[in-house]
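Asker: what's the 3D shape of this:
(2 chains, ligands or ions: 2)
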Amino acid sequence: MEMQTKPKAKTDTDQMTGAEIVITALKEQGVEVMFGYPGGAVLPIYDALFTEPSIRHVLVRHEQGAGHAAEGYARSTGNAGVALVTSGPGATNMVTPITDAMMDSIPMVVLTGQVPTHLIGTDAFQECDTVGITRCCAKHNYLVTDVDELARTIHEAFLIATTGRPGPVVIDIPKDIQFATGTYVGKDGIHKATYKPQTDPDPQAIKRAVELMKHAKRPVFYTGGGVINSGPEASESLRKLQKLTGFPVTSTLMGLGAFPASHEDWLGMLGMHGSYEANNAMHDCDLMICVGARFDDRVTGRIDAFSPGSKKIHIDIDPSSINKVIRADVPVIADSGNALDAMIKAWGKAKPKDISDWKAQISGWRARNCFAYAESENEIKPQYAIERLYELTKDRETYISTEVGQHQMWAAQHYHFEEPNRWMTSGGLGTMGYGLPAAVGIQAAHKDALVIDIAGEASVQMVLQEVSTAVQHKLPIKVFILNNEWMGMVRQWQELLHGERYSHSYSESLPDFVKLAEAYGALGLVCDDPKELDGKIQEMIDYDGPVIFDCRVTKAENCLPMIPSGAAHNDMILSEITGDEIDEAGRKLV
Amino acid sequence: MSDNPASAYDMSHVEEDEERRTLAVIVDNEPGVLGRVVGLFSARGYNIESLTVAEVDRDRHRSRITIVTAGTAHTLEQIEAQLLRLVPVASVTDITRSKRGIERELALIKVAGEGEKRVEALRIAEIFRARVIDTTNKSFIFELTGASDKIDQFCALMDPLGLVEVSRTGVLSIKRGAEKG
Ligand SMILES: Cc1ncc(C[n+]2csc(CCOP(=O)(O)OP(=O)(O)O)c2C)c(N)n1
Ligand SMILES: [Mg+2]
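Answerer: Ligands and ions are numbered 1, 2, ... in the order given. Here you go, the predicted model:
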């Protein structure tokens, strides 16, 4: 932190305990909800919270749940999620969500209790080196050793978590600092001299980018989570720029919703389980406009075969993302919304080049109907379940979270998003157990919305206890389990890549999910008949409370298309089913 | 299909030539800052060949870390970008690529020997302008400053003459001329 003279108390009311400073700072930061779990090293803060009417504390059942709930809250509102946990095991249980938030650039402030300053380093009860453990998985972290620095530290943490490329910030607060009396300072004027994210684009770079766009014959927008992070205005700007140019758009898993899925120029998600048309367009384009995405290996496939004939414009707020994986011809370091706005301005009233040949080629790929699957009258196909869920929920204010596995990819393929901030998934870290607590966090932020965790029967058991949190806090989340009795994604890899040797991937000894729901005081539903599916989904939607829905789906279905790792974009494994094999009557069912 | 179909990752890897670089990293001197820098290098698999650190601006609480690293051109570009991502890092300067860069190292070198070897050691020390800072009947300790390769050379010459041990500071760096940074 910058060395500054200690702030002088302006009035007596600036004097308060460290615990009161924490609460006051959170309030000044506009925090309305936080997720937490008490313990010895945070009891003073819990004591200050006891009589605090303006901050709602959602008591979770495991600190990992608090972390993912804070992530879900953050991703669905755009504000920082806040979690409060105790020292030692409380802090170590937060490591997974902190890493998850780091990978997916989610703004989060984590407050951890610590043993008193004089006991640090003595292996005291529930001591752990929280700043050491979280140093490499958080955007930044602090150990506060002076109560007069506490307020400034909290404000600085919010600044760092929410600006630039967002991420998690950890503040470790020893118990004696929570008890000590110190001076509160407000958030105005808080800055950090060494922290200066570049948010405005270089006009020269924008000029060069737009020049390329004006002459492109086979352009494609490749957009990512950065557009979502930049706020809803950035999604608006993307739509405007697309309208001006008429270019087709694909997006990463993290970027779904920035561009409306119903749009005729929407190509669907790209990458390992992305659409045939999106991946082929990426491979064959002559200009790639990457906005707030980072060329992740699940997106690029084989690097030396990645989009060999294209010029690449790369817009990213994090300079280290540029040229990390793929060389950019025109790097633009900026907030993606600002860059898009500058491009709209630079484009002006220009007429786009005729790209109808390119669009015709894309239509050809689209006609392959790559997400088609063999339908069944007796079994619920997992894709069908998502399609029905989409049809029955699309006209409501619906938020979707997921766990990790095939169900996650099927959700990305078959649930369609029109708006940003409606889709919450663990992309970078791929954390099984993310979706249920994330749904808790989303619902805490959007009381009247429909919040659904699309889950797998294996993933959902990882942080399952948060159903109890949902029941206690009257958060009517719906846990929609695509139960295929397998760690399906693992099974698929074993089938395709390990000679069908299904080592430890069967979901043995599954609980009875209906009884489990009832044991928690939630509603349990089960369905294994496609004819009953709509009615059961409706029952789930209509129920005013948390629901666990055990949707029994085809057990050995593979998630396709798929680009095997180390393969090129135009080297996909496709389903043998094409849309043409489904007759008109069949199509009406979907 | 993939080169290595049984992998969840692209396993293809191209060997490229590595270069050595000296970077001057100016940081806020706050607790744990050195840990962040060193942790970044180990987490991302970068090399540290030498590292020095000390506070250089007490009023602004700034420290200067000089790191000698090696990597491909691409890795070196990433190292700079990743260092700048750390919140307390104020600036990163590539001293090697700057024409005005100067690098120096200090070494303390203990040599033990008698007779002809002792005389030869002293003679070489004179050529290198090493200072004798401790002496016994059987040994010398030399103090030598210079570029790292000069110290390497001196140690190599001392080796057959009874080199006992070497202590080196690691590289310090600065730019020539009147300007800062
Ligand atoms: C915490 C964690 N452990 C392990 C994995 C590896 N993994 C990825 S998908 C998967 C199987 C998920 O099974 P399920 O939740 O039933 O989803 P399905 O693929 O069957 O839809 C596993 C074990 C992971 N992503 N996260
Ligand atoms: Mg499963």
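Asker: buried residues, the one helix or strand A:Gly132 maps to. List them.
Answerer: Using DSSP states H and E, A:Gly132 falls within helix A:130-134. In terms of neighbour count (16 or more other C-beta atoms under 10 Å in any protein chain shown), helix A:130-134 has its buried residues at A:Thr130, A:Val131, A:Ile133, A:Thr134. Any C-beta I mention is one placed from the backbone N, CA and C, and that applies to glycine too.
Asker: which secondary structure elements does it contact?
Answerer: Secondary-structure packing of helix A:130-134 (3 or more C-beta pairs under 8 Å, 6 or more residues apart in numbering or on different chains; DSSP states H and E): helix A:89-92, helix A:95-103, strand A:108-114, strand A:140-143, strand A:168-174.
Asker: any idea which of these gets closest to A:Met254?
Answerer: A:Met254 lies closest, by C-beta to C-beta, to one member of the helices and strands packed on helix A:130-134: helix A:95-103, at 9.7 Å.
Asker: and ligand 1, is that closest one touching that?
Answerer: No - against ligand 1, helix A:95-103 shows no contacts by C-beta under 6 Å from any ligand atom, the least distance being 7.4 Å.
Asker: ok, and what's touching the helix holding A:Gly132?
Answerer: Here helix A:130-134 makes contact (C-beta atoms under 8 Å, 6 or more residues apart in numbering or on different chains) with A:87, A:91-92, A:94-95, A:98, A:110, A:112, A:114, A:141-143, A:170, A:172, B:32, B:35.
Asker: burial of A:Asn323, as a residue count?
Answerer: 16 (other C-beta atoms under 10 Å in any protein chain shown).
Asker: could you list the residues of chain B in contact with ligand 2?
Answerer: Within chain B, no position is near ligand 2 by C-beta under 5 Å from the ion.
Asker: so where's chain B shaky on pLDDT?
Answerer: The model of chain B has pLDDT under 70 over residues B:1-7.
Asker: which bits of it sit near chain A?
Answerer: Residues of chain B lying close to chain A by C-beta under 8 Å from any C-beta of the partner chain are B:1-12, B:14, B:27-28, B:30-32, B:35-36, B:39-40, B:43, B:59-61, B:74, B:77-78, B:81-82, B:84-85, B:87-90.
Asker: element containing A:Gly535, please.
Answerer: Applying DSSP H and E, one finds A:Gly535 within helix A:530-542.
Asker: for the stretch 101-250 of chain A, what spans make up the helices?
Answerer: Using DSSP state H, counting those that start in this stretch, the helices found in the stretch 101-250 of chain A span residues A:130-134, A:150-162, A:175-179, A:203-215, A:225-229, A:232-245.
Asker: tell me which of those helices sits most buried.
Answerer: Of all those, helix A:225-229 has the most neighbours on average by mean count of other C-beta atoms under 10 Å in any protein chain shown, namely a mean of 28.
Asker: one step back: and the buried residues of helix A:130-134, which is closest to chain B?
Answerer: Closest approach to chain B among the buried residues of helix A:130-134 (C-beta to the nearest C-beta): A:Val131, at 6.1 Å.
Asker: which strand or helix spans whichever residue of chain B sits closest to ligand 1?
Answerer: With C-beta to the nearest ligand atom, the shortest gap between chain B and ligand 1 falls at B:Ala8, namely 9.7 Å. Counting by DSSP H and E, no helix or strand carries B:Ala8.
Asker: need the nearest residue in space to residue 82, chain neighbours excluded.
Answerer: I'll assume chain A. A:Met34 (4.1 Å; C-beta to C-beta, 6 or more residues apart in numbering or on different chains).
Asker: not quite, I wanted chain B
Answerer: B:Gln82 sits nearest to A:Ser320 (C-beta to C-beta, 6+ apart), 5.1 Å away.
Asker: what's the burial count for the one you found?
Answerer: 18.
Asker: do I have it right that it meets B:Gln78?
Answerer: Yes - using C-beta atoms under 8 Å as the test, A:Ser320 is close enough to B:Gln78 to be in contact (6.6 Å).
Asker: longest strand of chain B?
Answerer: strand B:101-112 (DSSP state E).
Asker: which residues sit against that strand?
Answerer: Strand B:101-112 is contacted from outside by B:22, B:50, B:95, B:121, B:130, B:133, B:138-148, B:151, B:154-155, B:158, B:161-176, using C-beta under 8 Å, 6+ apart.
Asker: next, the residue nearest to B:Gln82: secondary structure please.
Answerer: helix (DSSP: H, G, I helix; E, B strand; the rest coil).
Asker: still on that earlier bit, name the next helix or strand downstream of the helix holding A:Gly535, please.
Answerer: Taking DSSP H and E, what comes next after helix A:530-542 is strand A:547-552.
Asker: near ligand 2, anything from that next one?
Answerer: No - Strand A:547-552 lies out of reach of ligand 2 by C-beta under 5 Å from the ion, never closer than 10.8 Å.
Asker: ok, that strand: who's next to it in the sheet?
Answerer: Strand A:547-552 has its sheet partners listed here by DSSP bridges as strand A:478-483 (parallel), strand A:523-527 (parallel).
Asker: can you say which of those strands is packed in most?
Answerer: Highest mean neighbour count of those: strand A:478-483, a mean of 29 (counted as mean count of other C-beta under 10 Å).
Asker: contacting residues around A:Pro420?
Answerer: For A:Pro420, the contacting residues are A:Val227, A:Ile228, A:Pro232, A:Ser235, A:Gly257, A:Ala258, by C-beta under 8 Å, 6+ apart.
Asker: redo that, cut-off 6 Å
Answerer: By C-beta atoms under 6 Å, 6 or more residues apart in numbering or on different chains, A:Pro420 lies in contact with A:Ile228, A:Pro232, A:Ser235, A:Gly257, A:Ala258.
Asker: A:Gly65 now?
Answerer: A:Gly65 is in contact with A:Pro437, A:Val463, A:Glu466, counting by C-beta under 6 Å, 6+ apart.
Asker: could you measure from it over to A:Val85?
Answerer: Separation of A:Gly65 from A:Val85 (C-beta to C-beta, to the nearest Å) stands at 10 Å.
Asker: and for B:Val56?
Answerer: From B:Val56 to A:Val85 the distance is 38 Å (C-beta to C-beta).
Asker: neighbour-wise, which of these two wins?
Answerer: The residue with more neighbours, out of B:Val56 and A:Val85, is A:Val85; 28 against 12, by other C-beta under 10 Å.
Asker: that older thread, list just the one of the helices of the stretch 101-250 of chain A that sits closest to ligand 2.
Answerer: helix A:225-229 (25.4 Å; C-beta to the ion).
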